[in-house]
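S.K.: After the sequence you'll find the predicted model.
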Amino acid sequence: MSPKLSSCWVVLGPLLCSCTLALQGGMLFPRESPSREVKTLDGLWLFRADFSENRRQGFEQQWYGQPLRETGPTLDMPVPSSFNDITQEARLRDFIGWVWYEKEAILPQRWTQDLNTRVLLRINSAHYYAIVWVNGIHVVEHEGGHLPFEADISKLVQTGPLTTCRVTIAINNTLTPHTLPPGSIIYKTDPSMYPKGYFYQDISFDFFNYAGLHRSVVLYTTPTTYIDDITVTTNVEQGTGLVNFWISIQGNKHFDLEVRLLDDDGKVVAQETGVQGQLRVPGANLWWPYLMHERPAYLYSLEVKMTTAGPLSDFYTLPVGIRTVAVTESKFLINGKPFYFHGVNKHEDSDIRGKGFDWALLIKDFNLLYWLGANSFRTSHYPYSEEVLQLCDRYGIVVIDECPGVGIVLPQSFGNESLRHHLEVMDELVRRDKNHPAVVMWSVANEPSSTLKPAGYYFKKLIFHTKALDPTRPVTFVTNAKYDKDLGAPYVDVICVNSYFSWYHDSGQLELIQLQLKSQFENWYKIYQKPMIQTEYGADSISGFHQSPPAMFSEEYQVAVLENYHSVFDQKRKEYVIGELIWNFADFMTKQTPTRVVGNKKGIFTRQRQPKSAAFILRKRYWKLANETRHHHHSLPTTQCLGSRHFTF
């Protein structure tokens, strides 16, 4: 692991009222500024999967040492995308092992000649283990998908008259009991049924193990003395917004730092100097969730300018939302007002591109969220792209930010090796997403075997660590364990429960849902006296399949399940239930099993984002809930806007 990705932390100064911790080595999103340039390497890359028996041929033959096309045949592979569904090869769709990517990048001349410029290579997501070379020189390795990592390659591209650099990335999607998510490689040894060396990847999560370069790969520059990291926390005192900041500068101990906060009209409303301090904004416009205020998602701009005695200066602008988050025994408060999560669970999943980032798909999804009247979602079951969170900040969609801790079911996945990696992943997640106002809670796992004996220590350590990283947000994990057996629940701030009554339990028996759901809520609350979110509920439905009376897999059955759950939610949200998140926003791909017909069909939208009957039921409900919010808090306009699009209800 690169020194920049170490898990060493430092305590912030006393001026940070909501004091937090910051990793040494920042991971600011690459933004262009007067001092920074960004060059994306998206597009077609050369690609090869290593089908050798031990999957090690690429290392044995040192494919990174020369252009990939010179070591054998290659394919064109789009980046960003998963590689699995791009070709017609079944063996590539289900491939487990090392794959190799390569791209020749043309560099601007000033990047290679100006020794006051740093050149960095950043990989926004590589699933799962990645090794990176530039011009055949090893530069960085990273363990874990979904989160970014980078390397300073200045010395490699500023050593001579270079105009190009060759980026080679080897990625291994093998999951073990100690990865996140975990998995196991199962070898079949019966020679009468399986060829020699036959194996498959066993997983305990219900989505396809897509792999590849799922997000952009970029080159970007900074000066050699540069703004390395910014940490912002906010508070409100009697109408005055407080923006506490801490800034890390690297490359020189002698510099001046100016910090300005601008409103959305570009007017300076507060300014300070120095690496840490507090900006006070009288009469601040607060960041409110969508449908909770007549002016949701208000963002200020924090402009940071660093100058040295020499010619170097660096500029970075960070969007800032001023808001507070708090939890009581029965409520979740945003800016002191009760917030009720009515939203969805999602997946980064779509036809052909798999988990590959796609702007058109992303904007379509946000239009659908607005159409539904959804105010929130959970990043089930891994961190989503930074662009997703940026849109949530802009549009007021509240996020429960979840790490890839899904499928933790084996006893060996609760040992020290797994815990070490899980703590590092939370380090990286908090470092990346700490400044997003839309993120209101961290989730450290989904449906782990939290009744196993080691789970108590494991989750106590993990949750306390996460709260030390960020004391400003509550921490949870999502359970499907028995209320009286869960060893991790004592440590969470909010109880998040998944249940599928009349689907996985008492299948087809709709009449049992309300009794069983009431018992679930009452039993959990009696023990823990903490607010609760129904983080998953739902049923599969095949679009266009109808059955009366309702039968499983029909659109009518999915609707009936939702309506039975909603009846209980309406009773319990008057007490301590603070949210409901449907499983799932859209149908998504899974591994092939007898219980999955081309994927999971619990979406209220199809995989192509077309509504099922349940979408209209949910839309009616969410707008009804939003109207109740109007009465309790602020009057809202009848027209809601997404970008330049307007929706009238």
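M.R.: Nice, thanks for sending it over.
S.K.: ok, now how distant is the residue positioned nearest the centre of the chain from residue 599?
M.R.: For the chain, the residue sitting closest to the mean C-alpha position, by Cα atoms, centre = their mean, is residue 383 at 1.9 Å. Here the distance between residue 383 and residue 599 works out to 22 Å (Cβ to Cβ, to the nearest Å). C-beta coordinates here come from the backbone N, C-alpha and C atoms, glycine included.
S.K.: same deal with residue 496?
M.R.: Separation of residue 496 from residue 599 (Cβ to Cβ) stands at 24 Å.
S.K.: Next: residue 514.
M.R.: Taking Cβ to Cβ as the measure, residue 514 and residue 599 are separated by 29 Å.
S.K.: Please apply the same query to residue 373.
M.R.: Residue 373 sits 26 Å away from residue 599 when distances are taken as Cβ to Cβ.
S.K.: burial of residue 623, as a residue count?
M.R.: Counted with other Cβ atoms under 10 Å, residues neighbouring residue 623 total 16.
S.K.: Show me what the helix or strand it falls within is packed against.
M.R.: Assignment of secondary structure by DSSP states H and E places residue 623 within helix 613-632. Using 3 or more Cβ pairs under 8 Å, 6 or more residues apart in numbering; DSSP states H and E as the contact definition, the elements that helix 613-632 packs against are strand 341-345, helix 359-372, helix 555-572.
S.K.: ok, residues contacting it?
M.R.: 291-292, 337-338, 340, 342, 371-375, 541, 555-556, 558-559, 562-563, 566, 582, 604-605, 636, 649 (Cβ atoms under 8 Å, 6 or more residues apart in numbering).
S.K.: average pLDDT for that helix?
M.R.: Here helix 613-632 scores 90 as its mean pLDDT.
S.K.: At which residues are the helices of the stretch 101-250 of the chain located?
M.R.: Using DSSP state H, counting those that start in this stretch, the helices of the stretch 101-250 of the chain run over residues 109-113, 154-157.
S.K.: Most tightly packed of those?
M.R.: Stretch with highest mean neighbour count among the helices of the stretch 101-250 of the chain: helix 154-157 (a mean of 18; mean count of other Cβ atoms under 10 Å).
S.K.: Report the residue spans of the stretch 151-300 of the chain with pLDDT below the cut-off.
M.R.: 161-162 (pLDDT under 70).
S.K.: now the strands for it?
M.R.: With DSSP state E, counting those that start in this stretch applied, the stretch 151-300 of the chain shows strands at 164-172, 183-187, 199-203, 212-213, 217-223, 226-237, 240-250, 256-262, 268-273, 276-281, 300-307, listed in chain order.
S.K.: Please identify the buried residues of the helix holding residue 623?
M.R.: Taking 16 or more other Cβ atoms under 10 Å as the neighbour-count basis, helix 613-632 is seen to contain the buried residues 613, 614, 615, 617, 618, 619, 621, 622, 623, 625, 626, 629.
S.K.: Going by distance to residue 590, which of those wins?
M.R.: Looking at those and their distance to residue 590, the nearest is residue 614, at 19.3 Å (Cβ to Cβ).
S.K.: Would you check how far apart that closest one and residue 369 are?
M.R.: According to Cβ to Cβ, residue 614 and residue 369 sit 15 Å apart.
S.K.: got it, and residue 404?
M.R.: Residue 404 sits 23 Å away from residue 369, taking Cβ to Cβ as the criterion.
S.K.: Can you turn the buried part of the contacts of helix 613-632 into a PyMOL selection?
M.R.: The command below creates a PyMOL selection of those among these that count as buried (16+ other Cβ under 10 Å):
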select buried, resi 291+292+337+338+340+342+371+372+373+374+375+541+555+556+558+559+562+566+582+604+605+636
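S.K.: how about low-confidence regions in the stretch 301-450 of the chain?
M.R.: Scanning the stretch 301-450 of the chain with the threshold set as pLDDT under 70 gives no residue ranges.
S.K.: mind listing the strands for it?
M.R.: Ranges of strands in the stretch 301-450 of the chain, per DSSP E, counting those that start in this stretch, are 313-320, 325-327, 332-334, 337-338, 341-345, 376-378, 398-402, 439-446.
S.K.: ok, now the stretch 1-150 of the chain?
M.R.: Assigned by DSSP E, counting those that start in this stretch, the stretch 1-150 of the chain shows strands spanning 9-11, 21-23, 38-40, 43-49, 75-79, 98-106, 117-123, 126-127, 129-134, 137-143, 149-152.
S.K.: Of those, which shows the lowest average pLDDT?
M.R.: Summarising mean pLDDT across the strands of the stretch 1-150 of the chain, the least confident stretch is strand 9-11, with a mean of 25.
S.K.: Restricting to C-alpha, output stretch 238-254 in PDB.
M.R.: These are the backbone C-alpha positions of stretch 238-254, laid out as PDB (Å, rounded to 0.1, in the frame of the first residue of the first chain):
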ATOM      1  CA  GLN A 238     -28.800  30.600  16.800                       C
ATOM      2  CA  GLY A 239     -29.100  31.000  13.000                       C
ATOM      3  CA  THR A 240     -25.400  31.500  12.500                       C
ATOM      4  CA  GLY A 241     -23.700  28.800  10.400                       C
ATOM      5  CA  LEU A 242     -20.400  27.600  11.600                       C
ATOM      6  CA  VAL A 243     -17.900  26.100   9.000                       C
ATOM      7  CA  ASN A 244     -14.900  24.600  10.800                       C
ATOM      8  CA  PHE A 245     -12.000  23.800   8.400                       C
ATOM      9  CA  TRP A 246      -8.700  22.100   8.600                       C
ATOM     10  CA  ILE A 247      -6.300  22.100   5.600                       C
ATOM     11  CA  SER A 248      -3.200  20.100   5.000                       C
ATOM     12  CA  ILE A 249      -0.400  21.600   2.800                       C
ATOM     13  CA  GLN A 250       2.400  19.500   1.500                       C
ATOM     14  CA  GLY A 251       5.700  20.300  -0.200                       C
ATOM     15  CA  ASN A 252       6.800  23.400   1.800                       C
ATOM     16  CA  LYS A 253       6.400  24.600   5.400                       C
ATOM     17  CA  HIS A 254       6.400  28.300   4.300                       C
END
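S.K.: I'd guessed residue 336 sits against residue 326; true?
M.R.: Yes - with contacts counted by Cβ atoms under 8 Å, residue 336 reaches residue 326, the gap being 7.5 Å.
S.K.: With neighbour numbers in mind, choose between these two.
M.R.: Comparing residue 336 with residue 326 by neighbour count (other Cβ under 10 Å), the higher total belongs to residue 326, at 13 against 10.
S.K.: which residue sits closest to the more buried one, ignoring its sequence neighbours?
M.R.: Once its chain neighbours are removed from consideration, residue 326 has its nearest residue in residue 333; the separation is 4.3 Å (Cβ to Cβ, 6 or more residues apart in numbering).
S.K.: ok, now residue 551?
M.R.: residue 557 (5.8 Å).
S.K.: returning to that earlier point: which residues are in contact with the residue nearest to residue 326?
M.R.: If a contact means Cβ under 8 Å, 6+ apart, then residue 333 has 324, 325, 326, 327, 339 as its contacts.
S.K.: Emit the PyMOL select command for whichever of these are buried.
M.R.: Entered in PyMOL, the line below selects the buried ones among these, by 16+ other Cβ under 10 Å:
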select buried, resi 324+325+327+339
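S.K.: And the contacts of residue 333, which is closest to residue 44?
M.R.: Of all those, residue 44 sits closest to residue 325, with 43.0 Å by Cβ to Cβ.
S.K.: quick one, which of the strands of the stretch 151-300 of the chain is nearest to residue 453?
M.R.: Each of those was scored for nearness to residue 453 using Cβ to Cβ, and the closest is strand 183-187 (20.5 Å).
S.K.: Thanks a lot, catch you later.
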